[in-house]
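In: coordinates only, sequence not included:
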């Protein structure tokens with residue numbers, strides 16, 4: 001991870017850890033509504049002022065809350081911009097993996113696929129588990145032209161270039177809906193359009 005993604009990860013890990021305690025989550029929820037004095041929070045939640053102070057310290061360390069002294073009392077409030085940051089965080093969950101510099105779907109699929117290919121790049125088996133099976137069959141189907149009918153012999157030849165057991169691969173492609181049979185010919189099915 002880059003320094004920026006590492007900082008982002010650390011910030012949000014701290015925030016989630018801070019809110020991982022039920023009492024702190026309740027304090028945060030009350031402060032989202034409006035600022036409160038520590039004694040108000042203690043009364044509302046049935047906790048001692050010392051316990052509230054401890055929880056506030058944790059929320060402040062996670063940069064969620066700030067406190068301002070007003071005479072002999074301390075007023076606690078959500079740090080400016082927190083609600084917007086949380087809203088933005090949840091609105092962008094699809095880009096969260098990118099923000100954390102995690103591998104993309106293609107890279108993950110390549111790692112899965114490599115487990116089922118031999119040195120020659122030929123498929124050795126069809127996985128039983130759904131996700132790896134889908135990766136393997138998607139890869140095999142991608143080697144077939146979308147707008148083309150393959151006579152049985154030609155399909156068998158194409159699959160021999162991909163797998164040690166082309167018949168097993170053909171049956172799996174048919175069963176899982178990646179290939180459809182039209183009389184004595186076969187055609188690739190666009191599964192992405194179906195989903």
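Out: Here it is on my side, so go on. Everything numeric in this text was worked out from a predicted model, so none of it was measured.
In: ok now the helix or strand hosting residue 180, how far from the chain's centre?
Out: According to DSSP states H and E, residue 180 maps onto strand 179-182. Remark: strand 179-182 is offset 34 Å from the chain centroid, using Cα atoms, centre = their mean, to the nearest Å.
In: what's it packed up against?
Out: Packed against strand 179-182 by the contact rule (3 or more Cβ pairs under 8 Å, 6 or more residues apart in numbering; DSSP states H and E) you find helix 166-175, strand 185-188. C-betas here are computed from N, CA, C, even on glycine.
In: got the buried residues for that strand?
Out: residue 179 (16 or more other Cβ atoms under 10 Å).
In: and stretch 154-161, by the same measure?
Out: 155, 158, 159.
In: what's the answer for stretch 125-132, then?
Out: Quick answer for stretch 125-132 (16+ other Cβ under 10 Å): 126, 127, 132.
In: ok, these vs residue 175, which is closest?
Out: For the buried residues of stretch 125-132, the residue nearest residue 175 by Cβ to Cβ is residue 126; the value is 9.8 Å.
In: contact partners for the nearest residue to that closest one once chain neighbours are set aside?
Out: Nearest residue to residue 126 in three dimensions, chain neighbours excluded: residue 172, at 4.8 Å (Cβ to Cβ, 6 or more residues apart in numbering). Residue 172 is in contact with 126, 133, 137, counting by Cβ atoms under 8 Å, 6 or more residues apart in numbering.
In: give me the distance between the first one and residue 120.
Out: Residue 126 is 17 Å from residue 120, where distance means Cβ to Cβ, to the nearest Å.
In: mind listing the helices for this structure?
Out: 3-18, 22-33, 38-45, 49-61, 82-91, 96-99, 105-114, 130-142, 152-160, 166-175, 191-194 (DSSP state H).
In: so which of the ones you listed is nearest residue 75?
Out: Of those, nearest to residue 75 by Cβ to Cβ is helix 38-45, at 8.5 Å.
In: for the closest one, name the packing helices and strands.
Out: helix 22-33, helix 49-61, strand 73-78.
In: okay, now residue 99: neighbour count?
Out: 16 (other Cβ atoms under 10 Å).
In: same deal with the one 5 residues further on?
Out: Each residue near residue 104 was counted by other Cβ under 10 Å, and the total is 10.
In: cool, and residue 186?
Out: Considering only other Cβ under 10 Å, residue 186 is surrounded by 24 other residues.
In: check contacts around it.
Out: With Cβ under 8 Å, 6+ apart, residue 186 has these contacts: 149, 150, 152, 155, 170, 174, 179, 180.
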